[in-house]
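Participant: let me see the structure of the following:
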Amino acid sequence: MGWALAALQACGSAGAIIATEDLGEADLKVMITRSDQRENITVLAADAPFIYRQEPLLDVFDRGGQLRVIVVGLRSQDLRAAYPNLPDRPPAELAQQLVPRLGPIGGGLYPPPTPTKVLATTVLADSNAALEYQNTDLATLGDEAAFGFALPGDLLCPPIGAQFRVFDRDDPTKTCVFRRDSQCTWRRQGQCPNDQVIFGVQLPAERSIFQLPDGVLVLPTGERCQPIAARQSPIFGETRAWRCGDQELGAQEQSSASTLPYVTVNREDLRTATLFAPGTRGTYLALGPTNFARLKVSSGRADLETLVVLGVDSGANARSLTRVDETRVRLNNTFNSQVVEGMCLSVGGDHYRIQGVEDSGGGTRDQLVLSRPVAAFSPTVSWNIYGDPSQGTSSSPTFELPSGAGTATRLSADGADRLVISTSQGTFDTLPIRSFNRRFHYECAYPVVQPPDRSGEAVAGSTGYLALAPDRLLVQGADGVVSRTIPLGETLPAGARILRLDEDYLAVAVLGSTRVIVVGPTDQVSGYDLPGALIGMAVHQFAPSPRSELYALYQPNDSSAELRLLALATQQERRYLVPPFDESANPADARIRIEAEAFYDKNGRLLVAYGQGKHTGAIDLLSGLSVAFRMGDEARSQVTFLDDLGTSGWALSSGSTTSAVFRLP
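Facilitator: Residues are numbered from 1 along each chain as shown. Model prediction:
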């Protein structure tokens with residue numbers, strides 16, 4: 001390919017010394033020049049002219065010197081074969097990315113591929129203007145032509161700087177954590193107690209593993225591990241694999257050196273929060289049996305807002321209520337002018353929504369019409385009216401359930417504003433949250449009547465409430481009237497609960513069991529048995545599938561560091577390896593804990609927050625990669641939610657000593 005000219009300009013003279021190069025199939029050339037005082041190396045496209053600019057040639061000749069010129073022809077395809085991560089660019093652009101250096105190979109200097117040709121010549125003061133090269137080779141030239149390429153690590157052995165895990169392919173609970181530097185050296189991030197199992201040899205602690213550009217690993221003991229092809233049946237979470245003697249090891253490498261951005265929240269109550277209801281404007285948490293708060297992230301800052309009800313009127317100063325009839329109560333005075341329809345009356349340990357304010361005949365606003373029958377109460381009992389007044393407030397008591405409501409057992413939400421609270425004594429709905437002086441509050445928590453045959457908790461539905469009977473699903477209203485019954489075809493086990501997926505699908509299951517019942521968009525019911533413990537459900541579309549499918553995420557009974565995503569309709573599986581970031585030899589530290597709403601779908605990706613050992617993080621179920629940070633013993637991810645702008649996904653995690661929220665990748 002390469003006939004080119006090397007113009008060795010004799011600065012200060014009228015002429016130039018011209019050399020014509022025949023480099024065969026080369027499309028790149030390395031030019032090495034040496035005088036008695038200077039040496040230089042550069043790389044060019046094979047057809048690019050070379051002009052010697054180090055010093056005037058007359059100066060070299062005047063002091064009795066000479067110029068040695070060596071040209072090494074290379075093919076860019078051979079370079080990319082030697083260094084697979086080099087970009088596929090035209091020769092002129094590729095030449096600009098290569099950094100040649102004179103000297104022996106080693107210490108970050110990598111050898112060139114076999115040249116197409118090596119040419120050499122010597123330029124003397126009496127040389128002809130038309131210079132001729134002699135064919136030679138690098139071995140003959142020896143140290144005179146010793147050179148290599150100083151290639152950056154992100155081209156030779158990416159990714160650089162990020163932690164990655166290597167693990168025994170047969171048992172991914174056995175891991176070692178490394179960080180690869182810009183010299184392609186694997187630096188230990190821990191003690192690597194599983195080295196004998198993973199690599200087949202015990203690694204000296206004071207020495208590191210080196211990765212060659214072709215992917216071969218050179219162990220500190222001298223053994224070499226050869227790269228091996230990916231498995232025929234893809235297993236997500238394994239990015240590369242090697243064979244060290246008879247032992248096979250895999251690696252999960254992250255695409256970036258950046259860690260998950262997280263915000264530490266130093267609150268003891270967050271570490272004990274076990275109830276949550278993801279909503280589109282944040283997450284509602286139960287920090288105790290009846291102590292509720294809202295977790296939100298705005299501008300990268302995590303805040304915990306106590307939910308309050310705003311006091312508008314009360315029974316202070318001997319202002320007493322009496323029951324007039326089933327739906328009316330009367331005051332021995334006049335209600336505050338801010339009391340309007342839609343507010344909440346708390347009296348006799350119960351909550352009632354106000355449907356209207358009336359004049360009983362005395363010319364004052366002294367009577368309330370309530371949304372449901374009011375139980376008998378003593379006129380001496382205290383009462384309060386809560387709401388969202390247009391101006392001011394007399395008090396801001398903490399949000400509370402009616403007395404006798406029992407302990408909260410579950411929260412569910414439908415949309416941003418509605419929160420349904422299941423308790424040991426029943427189900428309670430709330431009126432919408434409203435904003436007042438940048439605070440968020442509930443106006444009322446009123447009971448949802450339980451139908452006679454309901455056997456479990458009720459959750460928020462798109463219309464009304466969804467509840468379980470022993471062998472069927474109920475759609476009911478707040479008054480307990482069942483509008484639709486869906487037979488499930490089998491008796492439900494104790495602890496069965498409703499898992500809302502989307503507007504079309506819901507699942508009924510005991511988390512951790514191996515059985516799930518799915519109710520589809522036209523009330524069709526299907527039952528499925530899983531070969532492992534159910535973690536969660538998802539509706540998702542994996543490319544190139546033309547439609548969304550229903551998936552069950554489960555943990556196989558025979559592996560603690562593996563997840564599987566099963567398409568229920570086709571029974572096709574996606575396997576995920578989740579090797580732990582903790583290097584402990586204890587298999588319990590590899591057990592995956594998913595306690596949040598299992599799935600969070602954002603921008604076409606499917607993510608799940610998880611805890612494992614002392615780490616918590618997120619798994620991308622498209623790529624299979626997992627990222628995590630250290631949180632302490634028994635780290636767990638409790639809930640996923642959107643920030644206040646509805647754009648970024650976040651998760652709440654906690655450990656033994658602290659809690660944090662982190663952005664899902």
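Participant: buried residues in stretch 372-380, which are they?
Facilitator: Under the neighbour-count criterion of 16 or more other CB atoms under 10 Å, stretch 372-380 has 372, 374, 377 buried. Bear in mind the C-beta positions are built from the backbone N, C-alpha and C, glycine included.
Participant: hmm, I typed the wrong one, I wanted stretch 651-660.
Facilitator: Buried, per 16+ other CB under 10 Å, within stretch 651-660: 651-655, 658-660.
Participant: in strands, which of the buried residues of stretch 372-380 fall?
Facilitator: Counting by DSSP state E, the buried residues of stretch 372-380 place none of their members in strands.
Participant: what is the distance between the helix or strand where residue 652 lies and the centre of its chain?
Facilitator: For residue 652, the host element (DSSP states H and E) is strand 649-654. A distance of 10 Å separates the centroid of the chain from that of strand 649-654, by CA atoms, centre = their mean, to the nearest Å.
Participant: from the contact counts, what lies against that strand?
Facilitator: In terms of contacts (3 or more CB pairs under 8 Å, 6 or more residues apart in numbering; DSSP states H and E), strand 649-654 is packed against helix 268-272, strand 600-602, strand 605-612, strand 615-620, strand 636-642, strand 659-663.
Participant: what angle do it and strand 636-642 make?
Facilitator: Put simply, strand 649-654 runs at 150 degrees to strand 636-642, going by axes from the mean of the first three to the mean of the last three CA atoms, to 10 degrees.
Participant: just the CA coordinates for strand 649-654, please, in PDB.
Facilitator: Output of strand 649-654 as PDB, limited to C-alpha atoms (Å, rounded to 0.1, in the frame of the first residue of the first chain):
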ATOM      1  CA  GLY A 649     -35.500   7.000  40.700                       C
ATOM      2  CA  TRP A 650     -34.300   6.700  44.200                       C
ATOM      3  CA  ALA A 651     -34.200   4.000  46.900                       C
ATOM      4  CA  LEU A 652     -34.100   4.100  50.600                       C
ATOM      5  CA  SER A 653     -31.600   1.700  52.300                       C
ATOM      6  CA  SER A 654     -30.500   1.100  55.800                       C
END
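Participant: give me the sheet partners of it and which way each runs.
Facilitator: strand 636-642 (antiparallel), strand 659-663 (antiparallel) (DSSP bridges).
Participant: for residue 305, which non-adjacent residue is closest in space?
Facilitator: residue 294 (4.6 Å; CB to CB, 6 or more residues apart in numbering).
Participant: wait, what's in contact with the nearest residue to residue 247 once chain neighbours are set aside?
Facilitator: Of all residues not flanking residue 247 in the chain, residue 200 sits nearest, at 3.7 Å (CB to CB, 6+ apart). Neighbouring residues of residue 200 by CB atoms under 8 Å, 6 or more residues apart in numbering: 223, 244-247.
Participant: which of the buried residues of stretch 372-380 sits closest to residue 276?
Facilitator: The nearest member of the buried residues of stretch 372-380 to residue 276, counting by CB to CB, is residue 372 at 28.6 Å.
Participant: where's the closest one relative to residue 388, distance?
Facilitator: According to CB to CB, to the nearest Å, residue 372 stands 21 Å off from residue 388.
Participant: just give me the neighbour total for residue 542.
Facilitator: Using other CB atoms under 10 Å, residue 542 has 16 other residues around it.
Participant: how is it assigned, secondary-structure-wise?
Facilitator: Three-state assignment for residue 542 (DSSP: H, G, I helix; E, B strand; the rest coil): coil.
Participant: okay, it and residue 477: tell me how far apart.
Facilitator: Taking CB to CB, one finds residue 542 at 38 Å from residue 477.
Participant: again with residue 530
Facilitator: For residue 530 relative to residue 477 (CB to CB), the value is 34 Å.
Participant: please apply the same query to residue 78.
Facilitator: Taken as CB to CB, the span from residue 78 to residue 477 is 75 Å.
Participant: which of the two has more residues huddled nearby?
Facilitator: Higher neighbour count among residue 78 and residue 477: residue 78, with 18 against 14, using other CB under 10 Å.
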